[in-house]
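Chemist: Return atomic coordinates for the entry below.
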Amino acid sequence: MSVSRYLILLSLLFEVWHLTGQQTCRVDLRYYQVPAKVVFDAIQKQCDVIFSYGAFDDQTKVSIQVENSLIGPALDLLTPQIGMKYVLKDKYIILKPEDGNKIDARILLSGVILDSTTQKPVKSATIYIKSLKTLVNTNSHGEFKLNVKPGRKWLTLNIAKESYPDTTIVIAIDKSTPLNIYLKKYSRVPINEMYPIERQSPDLSSLDSLITDSFPSIGPIRKKGFWETLEIDKPDFSNISEKLLTKVSISLIPPISTNKMLAYHTINNLSLNLIGGNSAGVDGVELGGIYNYTKGNVNGLQVGGVVNRVSNNVTGLQVGGILNSNSGNMKGIQVAGIVNYTADTMQGLQLSGFHQQAGTLIGLQAAGFYNEVKSISGGQLSGFYNQSQHLKGLQISGFVNYTDTLEGVQLGIINISKYGKAGLGFGLFNYIGNGYHKVELAYNAEQTLQLGIRSGWPALYLHYFLGWNQSVKDSTFIQGGFGLASSLPLSNHFTFEVDATMRSNRVFQHFQDWQFNFHNQLFLGFAWQPFRKLGLRTGAVLNHFWYDPNDRANLSYNEISGKGFYENTDADFSHKLWWGWQVSLLFF
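Modeler: Numbering: from 1, shown residues only. This next block holds a predicted model:
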């Protein structure tokens, strides 16, 4: 046998003997609630072994009481306390995580932020890492901790705090000293000496002026549970003014999102929110199962199953199952099942099932019940009520239209405006605050006594009236009608009057019986207003009576007017034209 073979055999025998000696080594350990590293050091001294482990916190407290025990049983008592298992290999004791209790091989960055002038801690400062989309705030002592995955030699930290300039630093992460970061406040200048504040940077003339002992501590940390990862120590998002960009964001609920805690500062091209999501803006498409909250602008399409909330402006299409709420402007189409709200200008189309509100409307509002807007250049459609401060366009409602200033047309049962600049209301009741309002008591050539109300804009208003005629024996005729009228000023006390009306007649004694008849009149004349609340109105009247000649009451009424200058008797309907006159008193 050669010498080399003898040497190999002897080395193998030595290794077996050495390994057997380690496994049969006995230890004395009497410790209570001490760091695991203290126990490791004692075992290493007594058995000439070396502990080997990776990302593990060897400051974890352990307790062990053994006397003259083999190393194996001692390790069996020790390792469960630290969530590890061990393997003996040569002179090494290798510690590995137990299954189901893996160690998160992340690095804990810690430090403190101080005011460079006062040396006092800066609390509620925000430290964020854009590349990792994570952030944390300093506590009342100015301290912070950040967890990052290993594999990086350098890391860029962004620091933001009100009254301090935004600061960016690059740190090495391969040392073990905590960070000390100093911030300098903006200079305070008297108002009479104020200059524009420029963005400031930290004093980098000396590295120590920014970072003392400028490397973070590196320590392995145990992986947190699912709900622990969601804990947020009141982050102050208002410190961060920077906006980040991402193409695709997916969110369950904040902060379970691909944008994590920086969602409020990220603008997305495509945002898919399974339940809900937050963002700094949308430049593309955002879809939310329940809600979307956007702190900035939306350009494109936003669809929320229940609610869309945007802090600034929307350009495009916004669809909400129940509510759309925008604090800025809307340019496009806004559709909601119940309510739409745009604080400033709504330029386009607003549709909702119940209620809508906007600051200024340039376009059309259509709601099932109620529309509200400050200023309109366009139209409002509602099932019940429209309200505006300034109408320049059209208001149509099933019941009431209201505006402070009218420059357009109101169509509804009741139309009200405080000030009529140029416009008209059509309905059963129309009122313009600064308009033409008169109560009229009139008498005409047909011996009809008539009481009427005139209300609206002087150049064009509506006239409603009731009449009473007893010129035919045993028949009292009742009239009701309305018309359009105009009062054009000729001087301070005289106006030219035009009035086009239509009415229908019924016999009071047989009120329930009515046959076809319409008495239409065109009045041309003048009004004299010598007193503020009393005037006289008179003029000529062109009469047209269109009636069914087969009804005795119609024939009786036809005889009242006497012979006309035109008459056409037909088997079904007859027509008659004649001239007459009317005189009336005007009140108010």
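Chemist: so what's residue 411 up against?
Modeler: Counting by C-beta atoms under 8 Å, 6 or more residues apart in numbering, residue 411 makes contact with 394, 395, 396, 397, 401, 425, 426, 427. The way it works is simple: take the backbone N, C-alpha and C, and place the C-beta from them, glycine included.
Chemist: is it true that the first one touches residue 409?
Modeler: Yes. Under the criterion of C-beta atoms under 8 Å, residue 394 makes contact with residue 409 at 5.3 Å.
Chemist: looking at this, residue 118 is in a helix?
Modeler: No. Assessed with DSSP: H, G, I helix; E, B strand; the rest coil, residue 118 is coil; it does not lie in a helix.
Chemist: How many residues are close by residue 124?
Modeler: When counting by other C-beta atoms under 10 Å, one arrives at 16 neighbours for residue 124.
Chemist: So residue 26 sits against residue 69, correct?
Modeler: Yes. With contact defined as C-beta under 8 Å, residue 26 reaches residue 69; the gap is 6.2 Å.
Chemist: Of those two, which one has the most company?
Modeler: Counted by other C-beta under 10 Å, residue 26 and residue 69 do not tie: residue 69 has more neighbours, with 18 against 14.
Chemist: Give me the three-state assignment for that one.
Modeler: Residue 69 is classified as strand under three-state DSSP.
Chemist: where does this protein dip in pLDDT?
Modeler: For the chain, the stretches with pLDDT under 70 are 1-23, 55, 99-107, 150-151, 174-177, 188-242.
Chemist: And the helices in it?
Modeler: Assigned by DSSP state H, the helices in the chain fall at 3-23, 36-47, 71-78, 207-210, 552-560.
Chemist: Please enumerate residues in contact with stretch 248-266?
Modeler: Against stretch 248-266 from outside (C-beta under 8 Å, 6+ apart): 128, 130, 132-135, 230, 232, 235, 237, 240, 242-246, 268-280, 295.
Chemist: okay, now the domains of this protein?
Modeler: In the assignment given by automatic domain parsing, the structural domains of the chain cover 15-97, 103-230, 243-432, 436-587.
Chemist: hey, which of those is tucked in deepest?
Modeler: domain 243-432 (a mean of 21; mean count of other C-beta atoms under 10 Å).
Chemist: Find out how far that domain is from the centre of the chain, if you would.
Modeler: Here domain 243-432 shows a centroid-to-chain-centroid distance of 9 Å under the convention C-alpha atoms, centre = their mean, to the nearest Å.
Chemist: Okay, now that domain: how far is its last residue from its first?
Modeler: Domain 243-432 stretches 51 Å from its first residue to its last (C-alpha to C-alpha, to the nearest Å).
Chemist: Quick check: chain neighbours aside, which residue is closest to residue 581?
Modeler: Leaving aside its sequence neighbours, residue 581 sits nearest to residue 445 (C-beta to C-beta, 6 or more residues apart in numbering; 5.0 Å).
Chemist: Quick check: nearest residue in space to residue 184, chain neighbours excluded?
Modeler: residue 116 (4.5 Å).
Chemist: Next, work out how far apart the one you found and residue 378 are.
Modeler: Noted for residue 116: a distance of 57 Å to residue 378, by C-beta to C-beta, to the nearest Å.
Chemist: Now do the contacts for residue 320.
Modeler: Neighbours of residue 320 in contact, by C-beta under 8 Å, 6+ apart: 303, 304, 306, 307, 308, 335, 336, 337, 340.
Chemist: correction: residue 516
Modeler: 547, 548, 551, 554, 573.
Chemist: Try it again at 6 Å.
Modeler: Counting by C-beta atoms under 6 Å, 6 or more residues apart in numbering, residue 516 touches residue 548.
Chemist: is residue 331 in a bridge, and if so with what?
Modeler: residue 315, residue 347 (DSSP bridges).
Chemist: Quick one: the strands in the stretch 101-250 of the chain, in order.
Modeler: 103-115, 126-129, 134-137, 143-148, 154-160, 167-172, 179-183, 220-222, 244-251 (DSSP state E, counting those that start in this stretch).
Chemist: Return the set of residues that bridge with residue 170.
Modeler: residue 156.
Chemist: Distance of it relative to residue 130?
Modeler: For residue 170, the distance to residue 130 - C-beta to C-beta - is 13 Å.
Chemist: repeat for residue 536
Modeler: 83 Å.
Chemist: swap in residue 59?
Modeler: 32 Å.
Chemist: With residue 292 instead?
Modeler: 23 Å.
Chemist: before we move on, back to that, distance to residue 466 added to the strands of the stretch 101-250 of the chain, as JSON lines?
Modeler: Output for the strands of the stretch 101-250 of the chain, formatted as JSON lines (distance: least, C-beta to C-beta, whole Å):
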{"stretch": "strand 103-115", "distance to residue 466": "83"}
{"stretch": "strand 126-129", "distance to residue 466": "75"}
{"stretch": "strand 134-137", "distance to residue 466": "75"}
{"stretch": "strand 143-148", "distance to residue 466": "83"}
{"stretch": "strand 154-160", "distance to residue 466": "75"}
{"stretch": "strand 167-172", "distance to residue 466": "82"}
{"stretch": "strand 179-183", "distance to residue 466": "82"}
{"stretch": "strand 220-222", "distance to residue 466": "90"}
{"stretch": "strand 244-251", "distance to residue 466": "67"}
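Chemist: For residue 472, which of those is the nearest?
Modeler: Residue 472 lies closest to strand 244-251 among those, at 82.4 Å (C-beta to C-beta).
Chemist: hmm, who's touching stretch 476-495?
Modeler: So stretch 476-495 is contacted by 436, 458-461, 463-464, 466-467, 469-470, 496-503, 505-506, 508, 527-529, 557 (C-beta under 6 Å, 6+ apart).
Chemist: Let's see which of these end up in strands.
Modeler: 436, 460-461, 463-464, 466-467, 469-470, 496-503, 505-506, 527-529 (DSSP state E).
Chemist: Beta-bridge partners for residue 375, please?
Modeler: residue 360, residue 390.
Chemist: ok, now which ones touch residue 420?
Modeler: 406, 432, 435, 457.
Chemist: Find the nearest non-adjacent residue to it, please.
Modeler: Nearest to residue 420 is residue 432, by C-beta to C-beta, 6+ apart, at 3.8 Å.
Chemist: Mind listing the residues bridging to that neighbour?
Modeler: Going by DSSP bridges, residue 432 forms beta bridges with residue 417.
Chemist: Also residue 339?
Modeler: Assigned bridge partners for residue 339, using DSSP bridges, are residue 323, residue 355.
Chemist: just checking, it touches residue 355?
Modeler: Yes. Using C-beta atoms under 6 Å, residue 339 is in contact with residue 355, at 5.0 Å.
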